[in-house]
Structures are given as structure tokens and as C-alpha cells.
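Asker: next come a sequence and a model predicted from it.
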Number of protein chains: 2
Amino acid sequence: MALVVQKYGGTSVGDAERIKNVASRVIRTKQQGNKVVVVVSAMAGETDKLIRLAHQITSAPDEREMDVLLSTGEQVSIALLAMTLKSMGFDARSYMGFQIKIVTDSAFGKARITGIESERILDDLKADRIVVVAGFQGADESDNITTLGRGGSDTTAVAVAAALKADLCEIYTDVDGVYTTDPNICPTARKLSKISYDEMLEMASLGAKVLQIRSVEFAKKYDVPIHVRSSFNDNPGTIVQKEDTEMEQVVVSGVTYNKNEAKIEVMHVPDVPGMAAKMFEPIADANIVVDMIIQTSSAEKGFADVAFTVPKSDFTKALEIVKDSVREVGGKEVLTDENIAKVSIVGVGMRSHSKVAAKMFLALAKEGVNIHMISTSEIKISCIINSKYTELAVRALHDAFELDKPLVAEEK
Amino acid sequence: MALVVQKYGGTSVGDAERIKNVASRVIRTKQQGNKVVVVVSAMAGETDKLIRLAHQITSAPDEREMDVLLSTGEQVSIALLAMTLKSMGFDARSYMGFQIKIVTDSAFGKARITGIESERILDDLKADRIVVVAGFQGADESDNITTLGRGGSDTTAVAVAAALKADLCEIYTDVDGVYTTDPNICPTARKLSKISYDEMLEMASLGAKVLQIRSVEFAKKYDVPIHVRSSFNDNPGTIVQKEDTEMEQVVVSGVTYNKNEAKIEVMHVPDVPGMAAKMFEPIADANIVVDMIIQTSSAEKGFADVAFTVPKSDFTKALEIVKDSVREVGGKEVLTDENIAKVSIVGVGMRSHSKVAAKMFLALAKEGVNIHMISTSEIKISCIINSKYTELAVRALHDAFELDKPLVAEEK
């Protein structure tokens, strides 16, 4: 008998009929002899509806009250799912965040879970009940309602699984699992049967929107295996888990891309200590996340060129700040490029394999794709290219690393 | 400086525009130097929408889960009102039932408030905040969410006012106050400037749907004066308060009617001890509320005729039960009448005035209205008549007791 935490997203509980399907799936899992805890999101569209309602009142709604408002979405879902399970003859009980003490900090709208009291859930499971938990929400030490940010239900599921020491956390979504790359771009993209936490983190933060990053961090920290799969069929999905030796044999697991960044380049900056701080501190103060930063020596000695990327949505603001800094720090020219894309290859096998970067650059060069910036981590190599080459580059890299071919382990 | 609790119903917070109106009214009260606590209902139509959603799942939703579902309606309202107040520059904070510990029993769907911890609200008031409380909901000792039943927000408002020892509880609704009778039937109906708790209880239970009965019981128990008034204008409404000497001088305060009952009559029942119990116990077991019961001697000695009224919605069920009982207890015939109405006169002055009943019967007789059943309490006399005479009877009684004329006190 296993303890399974299942999470269903907004599309999976989008209407009464779909909620009944979810209930059937939960019951099937229970009848296979498992203890089941279900985490659900708000019905598809509900959260947006509530946000619109708030914006009819004010363009900048109070954050504490926004969380009170938004948390009703998940509350409706848990009540409907629990009453569905009961009407199908299975004892069930729903819980909001505050009831099972999903304790968070007080950062309304983006709260972090600091603890979960597992006692009440375990008591219910012992009494043979199915437990239904509202995703996305918690309560701070003073019982103020908080929410975890978009996609927070994934984090709730993993956190609950960790607190209960569950055997498995299944995340049901509207995709089949994690693919080697975007199947819409690359028809030979293949579903991965498993992937390590670190790879998943790189994949997620690079733009593969299957799991919320924070949920993967949580899963890694507490070693909770996640099974990402579709709620609309019974196909096995992708297991996100601790790295194993099999994974290490695979050099590259996936190719990702991100078109949502823009580049800012400052030429001929005096190359003195503290220059970088003076330039990037005001950007950080404006809550703008800088992704890549590259500094190179300028043609003239004692000067440097600095290039970096920011989210497109923050581009205008970042540019203003940079122009201010240049006035202070010095620098000849500020160049910008909004037509960029970042393509990346991710894989834990990179650690023990050489020549991966060279192979990547060669594959891009073969297609005539010029590389503007490069950044690397232990398990990832990213290149900034002209955005018009995005799809071409993704396909070329997918081919070059033979991601269309099943792994030896999967062939068996 | 007074502490005022204001309650706004679903129509008053029906959309963003109306919520802003409510906020303006709340702010005006605050700017007059008062501490303000606001209790709100769900936006008009929301509760019904949630009920429909549940019924798409099952015709008999689990009661615990139903309360989790329904309580979201008020939660949306408090969040929207609090963020409106904040956007208008006034510090405000919303609370769900569980947060300020509106503790109830565990009778889901019809819970009773057993206590309120006033500390958190008082702290906020001290910090110059406006406090916004979700009506209709609480939480039991185990933090399960409960609801108080339809109209429960009135009860929340009065209970909060009692706990805070508020100076006044204002119930804003879509009517102007409490009238001597239904103005739709009787154009000379007059708004009462004040009415006693007991009279209001009789008026409410007899069909004048201005305040939830339980809220009046609460107000009476804790001596909280209620001001019932319209949220769409600034007219003074009706104060529901402790009986005073002025009220006692008024013999009849109002005329009410109720067309939602049906009569069942069992003829020629053996008049032996325990007969009534045998007949009414199974009806009570079926949760049917019997209103009037009248037993008279039958024509033949040792037998009795028993007549009683039940809500029309329970009529068919009650009739079946009665027929079963008659088979067991004995009895000659079961007669029924669904075309009945109950007209009543209510007034605390009745206690000290004689001849009130006679005057009522005479007024009805003058119009040729036949009386089927009569029941009386200290401050109320009710007559069952043929329903086709309802409006005629109401007008006749309103005239006979000169309810169209303002009280001496009000003339000043």
C-alpha cells in the first residue's frame, strides 16, 4: 500500500463532468490499495475572472485582500471534488490551506511554505478517507490567507507529499509529460521517461512550462519523486527524480528556448573595480531579473563592453536605468536588441562528457546561425541568437544530439 | 465616538459600482468619528450560482462540503470591499469567520454561533482600521467551515455587535424598514420608527422577511439595538430594540400574513392519552414543522377532531404520514385544505389591553371572512382563513386598528 499525492490542474477540473472524471481516477487509485491525497487548482478561467473583478475596483488591489479573493478559486474546487467523491460512495474531506496548517511567510501573492502539519491528513487517511487539499494557498502565522503565486498548486502538492513522506507525487496536467523539446517546433521531440531534478529545473526556468520551478526545488530538497502525466489519458508520463547512473550516460536530455528576453549592451565602460555593482544594483533595486551577463575587454585598454539580457516586459525600464548609470559610470554607447532568443541544451551527462559545447556551436554554425552570447552551467549551455533562427536552431540541436532516438534503457 | 456595526446584503454589494457605494457610506460613517465594522453578504446571485454548480455534481451534496463551497461567496465580497476601502485611502482588513474565531457548532448549513473572540477586531479598530467581516459563516471547534443558513449575515452582524458591545447595529437592505404591513397589499402601510424585539420576532416568523429570525433572537438576548434601513437612500429606517413604555401604549403594531401553509384535519380520533404523541411524533421525525394545532371534541363522546397546519412544501409528505398514523391510532376521515392563509396581528400592547381579539374577529366578520382556526400568544393573534380573502383581511385589520395613523410620539 502506497501513499500517493495527486495534483490536478485547472483544465482537469474545468467543469462538473471533468471533476467527475478526476473523481473516478482518484477512486481507481484508491481501489488499487493506495492512500490518496488530492491537490486541486481553481477551475480553468476562475482565477482570471477573479482578477478581472478586482480590477473593476482598482488597478492596484491590496495584496492581502487579493489573496483572500483568489484563494476562493481553489476552495470551490476542493468542495466540488470532495462532494463528488462522497456522492460516488467514498468518504472524503476537503481542506483549505489554513485548516491543515500549510504555514507560509506573509509575502502575499508569492508566499513560501515554511511548514505543514501532517497530523490531520494522516488521521483522515487512517480513517480510510480521501483527503482533498486546496492548492496554491496557505496561511501565515497570524492566520492571514496567502497564495503561492501562479502554478503554486504544484508546490502545494510536492510540499504535502514531502510532509506526508508520500511514496509518489503525481502531477496531472494537460500535457503528456516532459519532452526533449517543444513538439510544436520539432516533430521528432520525444517524451522523456525520466529526468533529474536539476535538469527539470533548467528546463523549467528556460521556458518548458510543465512544472512550477519552486515545486521542483521542493521536490529535490525533500527527494519527492514527481510523475508528470496527462489527466486525459492513461499513458505514463515523465518521472522527475533524483539523478541516477543511467541518466548520467545521457549527455543531453533536452533542448529549450526562450523568446522573452531582450539584450542591452554598454560599450566602452571604464574597467575599474565597482563598475559592475554600480551598473547592476539599480536594476536589481527595480526588481528586474538579469539573466545573462557578459563582460569583454573593449578595443581600448582600461575599458570593457558589458552585455546582458532582461525579460522583455522589463526592457524599457531597464534601458532607462542603464542610461542613467552610463551618465554616472561613463561609457560610449548603449546598444539594444529585442529580436533575440535563447536556445539551450540541458543534461546531467555534460558533467562527465567533454566536447558538448563544441558540438553545439558546430551544429548552429552549420545552419549559419550566429551566436551573440554564450553562458554555461554544469548541466546547461545557452546561446543567444537572432530570434528568427529559433525554430531552426532548436531542430538542429535536437538532431545533433540525437534526441529523437530512445535511450537504450527505454528500448528494452 | 461610537462603535457601529453595519451589515450590507447581497443586492447592496451586487457589482463593483455598488461596492464602491457601500465603501463611500462606510467611510462617511467613519469620518463622522465612529469606529466601523462592516459585515457583508455574498454578491447577489452568487450563492444561487454556487448551489447550481453543486447540483450539477449531485442532487444531495455533502453538507460539510456545501459549506466550504458556499462560504466562498462572502469571502469574495469581503476581499472586494476591503480592497475598495484601501484604494480610497482608508486602512481596512477583511476577515473570514475562522480568522476572528466566529465559533459555531458543527450543524453544517444551519450552524449556531457559540462564541466570537473580539480581540483581533478590537486591535484593528484601535489601529484605526475599518474591519470587514464575512457574514453567514463561521468555523467549528475543529476549524471546519460552517454556514448559518439563509439570511445568516444578519445574525453575524448582530453577534459581532454583541461581542464588541457595539453601540448600534445597522442592517442595510433593499427595503426602507419595517412596515405596519405589506405596502404592496395595503397602500396605507406605514413605516414603523421603532419596534420591540418580540414584535419583530413575531413579524419575521409570520412572513415579514426583513430580518432573519435568529438575528433578532440574538439581538434580544444581548440587547443590541438594530437599525434596519435602505442602502439606496439616507432615510431613517426602523429601530428594533428593547420594549419601552411608549411601545406598550400601542395595541397593535403590525398585520402580517402567510400563504405558505396547508391544513390537515383528522376527524373522530379516539380521545385517549398518548394519541397526540402518536400522531405528531412521526411528523416531527420527518423534520416537518407543525405550526398551529387545534383539538376539539368530536360529536361523539370519547373522540376528538384534530386540525393542524404544515408548510405547503411538506404537505404531501405530512399527509402520507398522517394517513399511516390514522391506520394505527384510528380516526374516521382525513380532510385537507391547501387554500388557506394565516393573518395575524402583532403588538406588545396586547398584554395590557383587552378586547383586542374581539375587535379582530369583528373586523373579519364585517367583511364576511370566515375564520377556520385561531391561535394566540401573548403578543399575537392569528386566524386561518380562506386564502382568497387574504388581501381583504389584511386591509380590514390594518384599518380596524388604525395602523395608517402615525403614533403620537412620531407626530412630534
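Answerer: Noted; the coordinates are in hand.

Asker: from here on, contacts and neighbour counts on C-alpha atoms
Answerer: Noted.

Asker: so residue A:292 is in contact with residue A:309, correct?
Answerer: Yes: Residue A:292 is in contact with residue A:309 according to C-alpha atoms under 8 Å; the separation is 5.5 Å.

Asker: now residue A:359: which helix or strand?
Answerer: Element membership of residue A:359 [criterion: DSSP states H and E] is helix A:356-366.

Asker: could I get that helix in PDB with only the CA atoms?
Answerer: Coordinates of each C-alpha in helix A:356-366 appear next as PDB, following Å, rounded to 0.1, in the frame of the first residue of the first chain:
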ATOM      1  CA  VAL A 356      29.400  19.100 -25.800                       C
ATOM      2  CA  ALA A 357      29.800  22.800 -26.200                       C
ATOM      3  CA  ALA A 358      31.900  22.400 -29.400                       C
ATOM      4  CA  LYS A 359      29.200  20.100 -30.800                       C
ATOM      5  CA  MET A 360      26.500  22.700 -30.000                       C
ATOM      6  CA  PHE A 361      28.400  25.600 -31.700                       C
ATOM      7  CA  LEU A 362      29.200  23.400 -34.700                       C
ATOM      8  CA  ALA A 363      25.500  22.400 -35.100                       C
ATOM      9  CA  LEU A 364      24.500  26.100 -35.100                       C
ATOM     10  CA  ALA A 365      27.300  27.200 -37.400                       C
ATOM     11  CA  LYS A 366      26.300  24.500 -39.900                       C
END
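
Asker: with neighbour numbers in mind, choose between residue A:292 and residue A:309.
Answerer: residue A:309 (26 against 19; other C-alpha atoms under 10 Å in any protein chain shown).

Asker: any idea how far residue B:264 is from the more buried one?
Answerer: 83 Å (C-alpha to C-alpha, to the nearest Å).

Asker: how about residue A:297?
Answerer: In terms of C-alpha to C-alpha, residue A:297 sits 100 Å off from residue B:264.

Asker: of the two, who's got more company?
Answerer: residue B:264 (20 against 15).

Asker: can you tell me, leaving aside adjacent residues, what's nearest to that one?
Answerer: Nearest non-adjacent residue to residue B:264, counting by C-alpha to C-alpha, 6 or more residues apart in numbering or on different chains: residue B:336, 4.6 Å away.

Asker: contacting residues for that neighbour?
Answerer: B:262-265 (C-alpha atoms under 8 Å, 6 or more residues apart in numbering or on different chains).

Asker: OK, contacts around the closest residue to chain B within the stretch 151-300 of chain A?
Answerer: Distances between the stretch 151-300 of chain A and chain B by C-alpha to the nearest C-alpha are smallest at residue A:153, namely 18.5 Å. Residues in contact with residue A:153 (C-alpha under 8 Å, 6+ apart) are A:7, A:9, A:39-41, A:134-137.

Asker: quick one, helices of chain A?
Answerer: Shown for chain A, the helices assigned by DSSP state H span residues A:16-31, A:46-57, A:63-87, A:119-126, A:152-164, A:197-205, A:213-222, A:245-248, A:275-285, A:315-329, A:356-366, A:390-400, A:408-411.

Asker: which one of those helices lies closest to residue B:100?
Answerer: With C-alpha to C-alpha, the closest approach to residue B:100 among the helices of chain A belongs to helix A:63-87: 14.3 Å.

Asker: ok, for residue A:236, nearest residue in space, not its chain neighbours?
Answerer: Distance criterion C-alpha to C-alpha, 6+ apart; nearest residue to residue A:236, sequence neighbours excluded, is residue A:229 at 6.4 Å.

Asker: can you tell me which residues contact the one you found?
Answerer: A:170-177, A:235-238.

Asker: please repeat the previous calculation with a cut-off of 7 Å.
Answerer: A:171-173, A:175-177, A:236-238 (C-alpha atoms under 7 Å, 6 or more residues apart in numbering or on different chains).

Asker: okay, residue A:43: pLDDT?
Answerer: Per-residue pLDDT puts residue A:43 at 95.

Asker: and the nearest residue to residue A:253 once chain neighbours are set aside, how far is that from chain B?
Answerer: Leaving aside its chain neighbours, residue A:253 sits nearest to residue A:347 (4.8 Å; criterion: C-alpha to C-alpha, 6+ apart). Distance, residue A:347 to chain B, using C-alpha to the nearest C-alpha, to the nearest Å: 45 Å.

Asker: just list the residues touching residue A:347, thanks.
Answerer: Here residue A:347 is in contact with A:199, A:251-254, A:379-380 (C-alpha under 7 Å, 6+ apart).

Asker: phi, psi for it please.
Answerer: Backbone torsions for residue A:347, taken as degrees, to the nearest 10, come to phi 180, psi 130.

Asker: so how far is residue A:256 from it?
Answerer: Counting by C-alpha to C-alpha, the separation of residue A:347 from residue A:256 is 11 Å.

Asker: around chain B, pick out the residues from chain A.
Answerer: A:16, A:54, A:56-58, A:61-62, A:65-66, A:68-69, A:72, A:75-76, A:79-80, A:82-84, A:86-87, A:99, A:143 (C-alpha under 7 Å from any C-alpha of the partner chain).

Asker: of those residues, grab the buried ones for ChimeraX.
Answerer: In ChimeraX, this line selects whichever of the residues of chain A next to chain B come out buried by 16 or more other C-alpha atoms under 10 Å in any protein chain shown:
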select /A:16,54,57,58,61,62,65,66,68,69,72,75,76,79,80,82,83,84,86,87,99,143
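
Asker: want to throw the helices of chain A into JSON lines with distance to residue B:189?
Answerer: What follows is those, written out as JSON lines (distance: least, C-alpha to C-alpha, whole Å):
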{"stretch": "helix A:16-31", "distance to residue B:189": "48"}
{"stretch": "helix A:46-57", "distance to residue B:189": "39"}
{"stretch": "helix A:63-87", "distance to residue B:189": "42"}
{"stretch": "helix A:119-126", "distance to residue B:189": "56"}
{"stretch": "helix A:152-164", "distance to residue B:189": "56"}
{"stretch": "helix A:197-205", "distance to residue B:189": "69"}
{"stretch": "helix A:213-222", "distance to residue B:189": "64"}
{"stretch": "helix A:245-248", "distance to residue B:189": "84"}
{"stretch": "helix A:275-285", "distance to residue B:189": "67"}
{"stretch": "helix A:315-329", "distance to residue B:189": "66"}
{"stretch": "helix A:356-366", "distance to residue B:189": "87"}
{"stretch": "helix A:390-400", "distance to residue B:189": "77"}
{"stretch": "helix A:408-411", "distance to residue B:189": "84"}
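
Asker: of all the ones you listed, which lies closest to residue B:28?
Answerer: Closest to residue B:28 of the helices of chain A, according to C-alpha to C-alpha: helix A:46-57, at 18.7 Å.

Asker: wait, what's in contact with residue A:338?
Answerer: Counting by C-alpha under 7 Å, 6+ apart, the residues that residue A:338 touches are A:262-263.
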